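Student: could you look at this predicted model? Sequence included:
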Amino acid sequence: MNEGSMRPTDLALAYLAAAVVVASVAAATALIGIIVDWGSSTWAAIHLVLLGGVSLLILGVSQFFVTAFLATSPPSRRMVAAQITCWTAGAACVVTGVSTDADWLATIGVVLLLTTLLLYARSLAGLHSRSLQRAPWASRWYAASALWLVLGIAVGLMLTVHFAWSHGSLLGAHLAFNLGGWLGGAIVGTLHTFAPSLTQTRLRFPRLQPATFAFWSAGCGVTAIGYAFSLGALVLLGWSLLVVGAGLLATNLIASGSESKVPLTLPARLVIWSQAFLPLGLLFGLVSAADHSLAPLFGDDRVTLAVLLLAGWVGLTVIGSMLHLLSVVVRVRDLGRPATTPNQLQDRLLASAAVGAIGLLAVAEAVTGDRLVGLASFLVLLVAVILVGLVIRSVVAALLLGPPGRHG
């Protein structure tokens, strides 16, 4: 293996470690904001997590899965380093620039993000060109998600420079492109192969994937247009299309999971169980939008929606995925390590606590029960600390083991 090449697990670990670092900076930002009473700290922390940490995971995990799906060699170390460096710097510039009203810095960040997406597109094209297999679904979701992100970044830049737009809500379109198209599309696409691998089964209804792709993509585009031009009917149609896409995904995953003959691990439980939050969250958004098209994003319902979709669906799916991928990295780097037997009771209790705490918080926010919100928030924070601690421990363990071949 030449000096510039990487193993697939090295590729995964590089992005996982970078995402953990960025997420740690986000947590520090939120904490410092509380101490110094910085009003924009929450916004900055959330964007660092989503635009920085979670997006880095999407970039890395997608290339990891496409490499495996096409049975080809992963991108070079130089390509991986360039993507991580450009994306991290770009996210930091955008967050800092917007937070401090430094438009020039935010513009530099946008350029860096777009440059990374070009490198990402080149990397995916290279994976296909090196493979003898022809598998368009290996990267179709990721290519579409990247396109949505380009549109989201463009709208975000318009917001940053205070572009005059009187036709509707650019921020609504920005959120639809970035959260629904980029984050949502990439996660939904990945789950079609990742979730069955967690349960050691096959996708039960592979023919549903094209329909899921069509409904989800149409939902993102229609919702964004509806918000951009204040077309309430299109907003409702967009939410409805997303609900159908989520339903098709849930049908596939539930049918696949029901065929599993092995006990579920903690990562599998977190990923599979958290899928309930996606249709619930989208249905809640649809009902809220029926009252007022902007209510799910800017009204009182936005907190409940964020709990269901961001904390429940994105958060638990991402943490579960990271724990699984890190366990794979550790096994590959230390082949002599004996396989550990999962503690089924402990895993079930922790996954149940995570899902239950987030569900309780969503209900509390929906019924505006202050005391219940406080209790649920504490429980969510406690579970989050435990799960994030497990992720950090796994990252450190993988890094300390070094490349494969040093152990066993």
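Tutor: Sure, I can see it.
Student: report the residue spans of the stretch 1-150 of the chain with pLDDT below the cut-off.
Tutor: 1-5 (pLDDT under 70).
Student: now do 50
Tutor: Along the stretch 1-150 of the chain, the parts satisfying pLDDT under 50 run over 1-3.
Student: and the helices in it?
Tutor: With helices called from DSSP state H, counting those that start in this stretch, the stretch 1-150 of the chain shows them at 8-36, 41-47, 55-70, 77-99, 103-130, 140-160.
Student: so can I have TSV of the ones you listed showing mean neighbour count?
Tutor: Where you see a C-beta, it was placed from the backbone N, CA and C, and this is true even at glycine. Output for those, formatted as TSV (neighbours: other C-beta atoms under 10 Å):
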stretch	mean neighbour count
helix 8-36	19
helix 41-47	18
helix 55-70	23
helix 77-99	20
helix 103-130	18
helix 140-160	20
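Student: out of those helices, which gets nearest to G374?
Tutor: helix 8-36 (16.2 Å; C-beta to C-beta).
Student: angle of that closest one against helix 55-70?
Tutor: Computed with axes from the mean of the first three to the mean of the last three C-alpha atoms, to 10 degrees, the direction of helix 8-36 lies at 170 degrees from that of helix 55-70.
Student: and helix 8-36, how far out from the chain's middle?
Tutor: The chain centre lies 14 Å from the centre of helix 8-36; the measure is C-alpha atoms, centre = their mean, to the nearest Å.
Student: and the helices of the stretch 1-150 of the chain: which comes nearest A366?
Tutor: helix 41-47 (20.5 Å).
Student: now tell me what touches that closest one from outside.
Tutor: Residues outside helix 41-47 that contact it (C-beta atoms under 8 Å, 6 or more residues apart in numbering) are 26-27, 29-30, 32-34, 91, 94-96, 98-99.
Student: what's the closest of these to G356?
Tutor: The closest of the contacts of helix 41-47, once distances to G356 are taken by C-beta to C-beta, is A27, at 23.2 Å.
Student: which residues touch the closest one?
Tutor: By C-beta under 8 Å, 6+ apart, the residues touching A27 are A45.
Student: and the closest residue to L112 other than its chain neighbours, what does it touch?
Tutor: Excluding the flanking residues, the one nearest L112 by C-beta to C-beta, 6 or more residues apart in numbering is G90, at 3.1 Å. By C-beta under 8 Å, 6+ apart, the contact list for G90 reads 108-113, 115-116.
Student: check contacts around Y120.
Tutor: Y120 neighbours (C-beta under 8 Å, 6+ apart): 59, 63, 83, 146.
Student: JSON lines for these, including distance to L48?
Tutor: What follows is the contacts of Y120, written out as JSON lines (distance: C-beta to C-beta, whole Å):
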{"residue": "L59", "distance to L48": "15"}
{"residue": "Q63", "distance to L48": "22"}
{"residue": "Q83", "distance to L48": "18"}
{"residue": "A146", "distance to L48": "20"}
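Student: pick the one among these closest to H324.
Tutor: For the contacts of Y120, the nearest to H324 is Q63 (16.7 Å; C-beta to C-beta).
Student: that closest one is in contact with L11, isn't it?
Tutor: Yes - in this structure, Q63 is within contact of L11 by C-beta atoms under 8 Å, at 6.2 Å.
Student: list the residues that contact both of those two?
Tutor: With C-beta under 8 Å, 6+ apart as the test, Q63 and L11 both reach 74-75.
Student: how far is the longest helix anywhere in the chain from where the chain is centred?
Tutor: Ranked by residue count and defined by DSSP state H, the top helix of the chain is helix 370-401. From the chain centre to the centre of helix 370-401 is a distance of 17 Å (C-alpha atoms, centre = their mean).
Student: give me the buried positions along that helix.
Tutor: 373, 376-377, 379-380, 383-384, 387-388, 390-391, 394-395, 398, 401 (16 or more other C-beta atoms under 10 Å).
Student: tell me which of the residues you listed has the lowest pLDDT.
Tutor: Lowest pLDDT among these: L401, with 77.
Student: thought that residue was touching R333?
Tutor: Yes - between L401 and R333 there is a contact at 4.1 Å, judged by C-beta under 8 Å.
Student: quick one on the thing from earlier: tell me the angle of the longest helix of the chain relative to helix 8-36?
Tutor: 140 degrees.
Student: what is helix 370-401 packed up against?
Tutor: Counting contacts by 3 or more C-beta pairs under 8 Å, 6 or more residues apart in numbering; DSSP states H and E, helix 370-401 is packed against helix 8-36, helix 316-333, helix 344-367.
Student: can I get these in a markdown table including distance to G247?
Tutor: Shown next, in a markdown table, are the helices and strands packed on helix 370-401 (distance: least, C-beta to C-beta, whole Å):
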| stretch | distance to G247 |
| --- | --- |
| helix 8-36 | 30 |
| helix 316-333 | 17 |
| helix 344-367 | 19 |
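Student: coming back round to it: measure the residue nearest to L112 to L105 for me?
Tutor: Computed with C-beta to C-beta, to the nearest Å, the distance linking G90 and L105 is 11 Å.
Student: over to H162?
Tutor: 15 Å.
Student: one more: V395?
Tutor: From V395 to L105 the distance is 30 Å (C-beta to C-beta).
Student: ditto for G232
Tutor: Taking C-beta to C-beta as the measure, G232 falls 36 Å from L105.
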